[in-house]
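**Student:** give me the fold of what follows.
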Amino acid sequence: MTVDTQTIRNLLSCNENDRIDFKQEFYDLSGDTKEQKNAKAAAMIKDILSLCNTIRNESAYIVCGVREEGNVRIVCGLTNLPPDDADLQGKLSARTTPVPKFQLRTRTFENKWIAIIEIPVFPYSTPPTSTKDLPGIVQNQVYIRRGSRNSEANPQEIFLITQWLRNLERAFFPTLTPLDPNLRFNEIRSAKLGAWDESPAINNGFPADPFAHLGQSKHFRLANSVSDDDLNPSTLDPIFNITIGNSVGHDAVLFRIGLRLVAAAHVIYGLGAPPLETRPLRTSDIYEIDVTPLGTHLREQPRAGFPFKDLPWIDYFQVTNVPEIWLPIQDPLLLPQHGFHRFDLVLKNYCSTMPNHVRIQILLKSDQTIIASEPLDLFLPKLFF
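**Tutor:** Got it, this is the predicted structure:
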């Protein structure tokens with residue numbers, strides 16, 4: 001929305017309410033230490049989060065350089081001009097998730113400088129919150145405006161905010177086109193560079209490929225050449241570097257990333273080390289899915305002898321009751337027509353949770369469809385299970 005003279009007059013004609021806040025001066029964001037800067041930024045962050053999460057159908061505003069006297073707003077002007085919009089965006093992005101959408105504008109009005117922060121309506125995947133405790137702010141607490149005050153949202157209010165955000169998804173993107181069901185996987189690596197390698201064959205002549213009867217897949221394995229000193233499972237979590245392309249000729253929007261467990265087995269045998277090639281991870285967006293719930297559900301499943309009744313060294317898991325895991329993307333991701341998006345997907349706690357043979361599919365969800373990757377077989381010759 002353009003903040004012109006008439007917009008400013010309209011704002012000044014209103015009392016403070018659940019979408020308009022007036023400040024005599026802009027926020028003091030100075031400080032010599034990190035703690036001082038966090039403390040100074042906390043008031044601004046709380047105001048923006050509260051307005052961001054307040055159910056409404058139009059933008060909210062923080063107007064600085066205005067003094068309230070009773071029911072009258074007097075433009076007193078700013079003593080010091082605020083930092084630029086990019087600096088403010090940085091302060092929010094380092095301390096909040098999802099990062100609130102806002103824009104800072106400075107204007108002259110009645111020959112005085114004022115600053116206006118506009119917070120538009122936007123379909124966030126979850127209500128924005130602070131990623132850390134700050135003065136007056138509790139980490140992960142949802143804040144809203146009640147009248148002219150910031151307040152902690154109660155469970156019922158959080159439910160209503162979540163429903164409002166879901167309805168906004170449909171309102172913002174009414175004509176979504178499904179993504180082309182085509183994923184291209186570039187590589188898989190781990191936090192230990194080179195610890196995972198793509199392998200044309202997992203078993204190299206050993207007794208059984210537990211998933212051969214399920215059809216072909218792409219194979220990856222944790223290198224035997226990872227030294228025993230480096231066997232901290234948390235440092236070996238698989239990282240998929242994924243590229244997705246939209247070839248349907250229309251814009252599309254991604255909302256969720258998911259993981260589906262297709263099959264799992266625990267096989268007792270030893271394997272040689274694959275060749276180790278160290279390549280750095282390329283910079284891209286990073287998403288983390290915690291696979292701990294999959295491992296927990298997997299241990300509760302009945303074991304199945306079929307199709308390996310005569311092979312006692314294979315502990316084969318049924319996975320019919322293991323749920324998919326879905327991770328909301330912080331902000332809906334617009335994938336333009338014929339466009340590509342690259343991101344890293346970390347399977348957090350994978351090595352300490354899953355058996356040594358697992359077949360998975362990576363899932364992506366738009367507003368109209370779910371698409372799945374080709375089957376991916378992951379193998380752990382080093383056992384943490």
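**Student:** any residues touching stretch 28-37, and which ones?
**Tutor:** 38-41, 44, 83, 91 (Cβ atoms under 8 Å, 6 or more residues apart in numbering). Quick note: C-beta positions are derived from backbone N, CA and C, even for glycine.
**Student:** how far is it from where the chain is centred?
**Tutor:** 28 Å (Cα atoms, centre = their mean, to the nearest Å).
**Student:** let me know the closest of the contacts of stretch 28-37 to Tyr287.
**Tutor:** Nearest to Tyr287 among those is Lys91, at 23.2 Å by Cβ to Cβ.
**Student:** which residues touch the closest one?
**Tutor:** Neighbours of Lys91 in contact, by Cβ under 8 Å, 6+ apart: 29, 41, 44-45.
**Student:** Asp133 too?
**Tutor:** Applying Cβ under 8 Å, 6+ apart, the residues near Asp133 are Gln139.
**Student:** same thing with Gln141?
**Tutor:** Counting by Cβ under 8 Å, 6+ apart, Gln141 has contacts 129-130, 152-153.
**Student:** just the buried residues of the residues you listed.
**Tutor:** 129-130, 153 (16 or more other Cβ atoms under 10 Å).
**Student:** what about those, which are in strands?
**Tutor:** Taking DSSP state E as the definition of strands, the buried ones among the contacts of Gln141 contribute 129-130.
**Student:** pLDDT at Arg73, what is it?
**Tutor:** On pLDDT, Arg73 comes in at 91.
**Student:** ok, it touching Lys23?
**Tutor:** No. Shown here, Arg73 and Lys23 do not form a contact pair, counting by Cβ atoms under 8 Å, at 11.3 Å.
**Student:** need the overlap of contacts for the two.
**Tutor:** Common neighbours of Arg73 and Lys23 (Cβ under 8 Å, 6+ apart) are Val66.
**Student:** widest-spaced pair of the contacts of stretch 28-37?
**Tutor:** Ala39 and Pro83 (16.8 Å).
**Student:** and the contacts of stretch 28-37 as TSV, adding secondary structure and pLDDT?
**Tutor:** Shown next, in TSV, are the contacts of stretch 28-37 (DSSP: H, G, I helix; E, B strand; the rest coil; pLDDT from 0 to 100):
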residue	secondary structure	pLDDT
Asn38	helix	80
Ala39	helix	82
Lys40	helix	81
Ala41	helix	87
Met44	helix	93
Pro83	coil	87
Lys91	helix	84
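**Student:** end to end on stretch 141-156, go ahead and measure it.
**Tutor:** End-to-end distance of stretch 141-156 (Cα to Cα, to the nearest Å): 14 Å.
**Student:** Leu380 - nearest residue in space that isn't next to it in sequence?
**Tutor:** Asn356 (4.3 Å; Cβ to Cβ, 6 or more residues apart in numbering).
**Student:** mind checking pLDDT for the one you found?
**Tutor:** 79.
**Student:** again, but for the one 10 residues further on
**Tutor:** For Ser366, the model assigns a pLDDT of 72.
**Student:** repeat that for Arg279.
**Tutor:** Value for Arg279, per-residue pLDDT: 37.
**Student:** Ile268 now?
**Tutor:** Value listed for Ile268 in the pLDDT field: 61.
**Student:** the chain: helices as residue ranges?
**Tutor:** Using DSSP state H, the helices of the chain run over 5-12, 34-52, 85-93, 155-172, 292-299, 350-353.
**Student:** could those be laid out in CSV, adding distance to Gly258?
**Tutor:** Listed next are the helices of the chain as CSV, based on distance: least, Cβ to Cβ, whole Å:
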stretch, distance to Gly258
helix 5-12, 42
helix 34-52, 26
helix 85-93, 25
helix 155-172, 17
helix 292-299, 11
helix 350-353, 15
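**Student:** buried deepest among these, which one?
**Tutor:** Mean neighbour count (mean count of other Cβ atoms under 10 Å) peaks for helix 350-353 among those, with a mean of 23.
**Student:** quick one: average confidence on that helix?
**Tutor:** Helix 350-353 comes out at a mean pLDDT of 84.
**Student:** where does pLDDT dip in the stretch 201-350 of the chain?
**Tutor:** 201-209, 224-234, 247-250, 267-284, 302-315, 338 (pLDDT under 70).
**Student:** show me where it has strands.
**Tutor:** Taking DSSP state E, counting those that start in this stretch, the strands of the stretch 201-350 of the chain run over residues 218-222, 238-245, 252-267, 285-290, 303-304, 314-317, 325-335, 340-348.
**Student:** helices or strands up against the second one?
**Tutor:** Other helices and strands packing on strand 238-245, by 3 or more Cβ pairs under 8 Å, 6 or more residues apart in numbering; DSSP states H and E, are strand 183-190, strand 340-348, strand 357-366.
**Student:** just the CA coordinates of that strand, formatted as CSV?
**Tutor:** C-alpha atoms of strand 238-245 as CSV (Å, rounded to 0.1, in the frame of the first residue of the first chain):
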residue,chain,number,x,y,z
PRO,A,238,22.1,-36.9,5.9
ILE,A,239,21.7,-33.7,4.0
PHE,A,240,19.9,-33.8,0.7
ASN,A,241,20.6,-31.0,-1.8
ILE,A,242,17.5,-30.8,-3.8
THR,A,243,16.5,-28.9,-6.9
ILE,A,244,12.9,-28.7,-7.9
GLY,A,245,11.7,-27.4,-11.3
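**Student:** can you list the strands that that strand pairs with?
**Tutor:** Here strand 238-245 has these sheet partners by DSSP bridges: strand 183-190 (antiparallel), strand 340-348 (antiparallel).
**Student:** got the angle for that strand vs strand 285-290?
**Tutor:** 130 degrees (axes from the mean of the first three to the mean of the last three Cα atoms, to 10 degrees).
**Student:** quick revisit: for the residue nearest to Leu380, phi and psi?
**Tutor:** phi -80, psi -20 (degrees, to the nearest 10).
**Student:** that one reaches Leu222, doesn't it?
**Tutor:** No. Using Cβ under 8 Å, Asn356 is not in contact with Leu222; the gap is 9.0 Å.
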